[in-house]
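Here's my sequence, what's the structure:
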Amino acid sequence: MENLVLRPADTRAKVGDTVEWINDDMVAHTATARSGDFDVIVPSKRTASFVLLKVGTVEYYSRFHPIMKGRLRIKP
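Just a heads-up that it's a prediction; the model follows:
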């Protein structure tokens, strides 16, 4: 998370993996799954993480800055 952009915006992972978001911006963001699977607040200049629990493609965004969008492709 930097300059209101998620990088990489499209990520592949496996069930059980821990996803870590690093916020290099001066403002807080969230990683909020459109499916409701997770809603993680990532404070300014901090990190936050979440363990992936199920297979599928998850679209997510920042509730505070909806232009920030990402996708997780989760395999078994």
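
Going by residue numbers, what spans are strands in this structure?
Taking DSSP state E to define them, one finds strands in the chain at 10-14, 18-22, 29-33, 39-42, 47-51, 56-61, 69-75.

which residues touch the nearest residue in space to Leu6 that is not next to it in sequence?
Nearest non-adjacent residue to Leu6, counting by Cβ to Cβ, 6 or more residues apart in numbering: Gly70, 4.2 Å away. For glycine as for every other residue, the C-beta is placed from the backbone atoms N, C-alpha and C. By Cβ atoms under 8 Å, 6 or more residues apart in numbering, the contact set of Gly70 is Leu6, Pro8, Ala9, Asp10, Thr11, Ala31, Glu59, Tyr60, Tyr61.

And those residues, which is closest to Asp39?
Minimum separation from Asp39 among the contacts of Gly70 (Cβ to Cβ) is found for Ala31, which lies at 7.6 Å.

check contacts around the closest one.
Val19, Trp21, Phe38, Asp39, Val40, Val42, Ala48, Phe50, Tyr60, Ser62, Gly70.

pLDDT wise, what is it at?
Looking at Ala31, its pLDDT stands at 97.
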